[in-house]
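S.K.: Turn this into a model:
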Amino acid sequence: MPNIKKKQVLCDFWYFSELDGIACPFEKYAEEKIGPRFARFLLRFSVLRALLLIWLGRDFSLIAPDWFRYGRLICVLQAILRNRNIFIFECIDIEVGKKGPIVAAAILFVYKYVIGPCMRASVVAAQVFTNRERQIFMERYGLPDDVLHVVLWPLSEWDSKVHNGSCIPTKAMLRSNPTSATRGGYVFAGGRNGCDYKTLFEAAHFGNWPLIVACSGKDLPRVTALNKNGRATVFREITVVEYQRLLAGAAICALCLKETLKSNGQSRLAAAIAAGVPVVASDVLGLEGSLIDGVTAIAVEAGHPAALARAIENLMNEPEERRTALTVSAKQYAATFTPHDYFSAFRQILLRCLESKHR
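M.R.: Okay, here's the model as predicted:
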């Protein structure tokens, strides 16, 4: 068994693999402490998983829960126990606006008067991807500004390993090398979260370019309804390899997003940059710091199909050298902040938190 005492953070998030020497993998530690069979049973349930992280986390200065699975729950539990030792990676809020006014008001009330006080009592640091998200967490949860750290998602290439079998690039997926493909004359659009398919299909009616769409299963009925005239070729729940093949063969990637006020689209932008495919992207707050007009992509106003169609048409009609110039500038920009830089930033933040805890 490794010398766990040297590891200061018990981490239930895939980042532990990139923070060796500071973070200890929670699942492995749980199996070593209580036995593989019992641990695997408990880890299947979010509530039990959170309780087990709290219990085993007593040996560590900090714990890093899976925010997307049980993040708010563990903040409440630690606040009750009066333990302020939580570090949150990828702290992204839910899209409250789409819940309807009554439900949204109820959620915001709970956030302000229940979750907020618990987070202030239990969280030592949290990472967000944009300044807008930082502001939202300060307003909704009352978190002080020194707790929230903006660390942008790197747009440069990752190691050649994949973290899940999703058909759509996500922040929990590490890039594998795209399959080489002959560049086609089609526009490729794909995504799992925040996709504005209405604007995309309306834009497609303005142009003559072939369109290929890769969507999730939950979005298929919506996409099918919008594609009733067969304007696009649609793929559902394709593999990572197939996604990369279609992306690599595209003339242009259309990153058509809704304005959700939360981080979205960085992984898809990074995948297109790595594949050398020029991007036309919706200028949403979720891409703040990543979408640089004329550098990483061509930015268009969100929700405007005519503007999206015009930008795609203009880029499609540009000489190959100019489209190449955009992909080159995107790769140069991406190279200024690499995955190594990304995790180095976390090391510095974690070390400061640990130093503060040990004073």
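
S.K.: quick one: the strands in the chain?
M.R.: Per DSSP state E, the chain carries strands over the ranges 9-11, 23-25, 62-64, 86-88, 123-128, 148-150, 187-191, 211-215, 232-236, 252-255, 279-282, 298-300.

S.K.: In JSON lines: those strands, plus distance to residue 94.
M.R.: To be clear about C-beta, it is placed using only N, CA and C from the backbone, and glycine gets the same treatment. Supplementary listing: the strands of the chain in JSON lines, determined by distance: least, Cβ to Cβ, whole Å:
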{"stretch": "strand 9-11", "distance to residue 94": "23"}
{"stretch": "strand 23-25", "distance to residue 94": "26"}
{"stretch": "strand 62-64", "distance to residue 94": "20"}
{"stretch": "strand 86-88", "distance to residue 94": "14"}
{"stretch": "strand 123-128", "distance to residue 94": "14"}
{"stretch": "strand 148-150", "distance to residue 94": "17"}
{"stretch": "strand 187-191", "distance to residue 94": "18"}
{"stretch": "strand 211-215", "distance to residue 94": "21"}
{"stretch": "strand 232-236", "distance to residue 94": "25"}
{"stretch": "strand 252-255", "distance to residue 94": "22"}
{"stretch": "strand 279-282", "distance to residue 94": "20"}
{"stretch": "strand 298-300", "distance to residue 94": "26"}
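
S.K.: Indicate which one of those is closest to residue 261.
M.R.: strand 123-128 (11.8 Å; Cβ to Cβ).

S.K.: Please name whichever of the strands of the chain is nearest to residue 114.
M.R.: strand 123-128 (14.4 Å).

S.K.: coming back round to it: any chance of the strands of the chain in a markdown table with mean neighbour count as columns?
M.R.: As requested, the strands of the chain are exported to a markdown table (neighbours: other Cβ atoms under 10 Å):
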| stretch | mean neighbour count |
| --- | --- |
| strand 9-11 | 27 |
| strand 23-25 | 23 |
| strand 62-64 | 24 |
| strand 86-88 | 27 |
| strand 123-128 | 23 |
| strand 148-150 | 19 |
| strand 187-191 | 26 |
| strand 211-215 | 23 |
| strand 232-236 | 17 |
| strand 252-255 | 28 |
| strand 279-282 | 27 |
| strand 298-300 | 22 |
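
S.K.: Let's have these in CSV, adding mean pLDDT and distance to residue 40.
M.R.: Shown next, in CSV, are the strands of the chain (pLDDT from 0 to 100; distance: least, Cβ to Cβ, whole Å):
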stretch, mean pLDDT, distance to residue 40
strand 9-11, 97, 17
strand 23-25, 95, 14
strand 62-64, 98, 20
strand 86-88, 98, 24
strand 123-128, 98, 28
strand 148-150, 97, 33
strand 187-191, 93, 32
strand 211-215, 96, 33
strand 232-236, 95, 31
strand 252-255, 97, 38
strand 279-282, 97, 41
strand 298-300, 97, 46
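
S.K.: Just give me the neighbour total for residue 109.
M.R.: 10 (other Cβ atoms under 10 Å).

S.K.: typo on my end, it should be residue 265
M.R.: 26.

S.K.: give me every residue that touches it.
M.R.: 191, 194, 255, 257, 281-282, 284, 286-287, 290-291 (Cβ atoms under 8 Å, 6 or more residues apart in numbering).

S.K.: now those residues as CSV including distance to residue 243?
M.R.: Rendered in CSV, the data for the contacts of residue 265 read as follows (distance: Cβ to Cβ, whole Å):
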residue, distance to residue 243
191, 10
194, 17
255, 14
257, 17
281, 17
282, 20
284, 21
286, 20
287, 19
290, 19
291, 21
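
S.K.: For residue 118, state which of these is nearest.
M.R.: residue 286 (25.8 Å).

S.K.: can you list the weak-confidence ranges in the chain?
M.R.: 1-7, 159-184, 359 (pLDDT under 70).

S.K.: Select the longest helix from it.
M.R.: helix 339-357 (DSSP state H).

S.K.: Residue 116 and residue 139 touch, don't they?
M.R.: No. Assessed by Cβ atoms under 8 Å, residue 116 is found out of contact with residue 139, at 9.8 Å.

S.K.: ok, back up a step: show me which of the contacts of residue 265 is closest to residue 326.
M.R.: Using Cβ to Cβ, these come closest to residue 326 at residue 281, 11.7 Å.

S.K.: Is that closest one bridged to anything, and to what?
M.R.: For residue 281, the beta-bridge partners are residue 255, residue 299 (DSSP bridges).

S.K.: list the contacts for it?
M.R.: 254-257, 265, 269, 287, 291, 297-300.

S.K.: would you turn those residues into CSV with distance to residue 25?
M.R.: Shown next, in CSV, are the contacts of residue 281 (distance: Cβ to Cβ, whole Å):
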residue, distance to residue 25
254, 38
255, 33
256, 37
257, 33
265, 29
269, 29
287, 31
291, 34
297, 36
298, 41
299, 39
300, 42
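
S.K.: Good, wrapping up.
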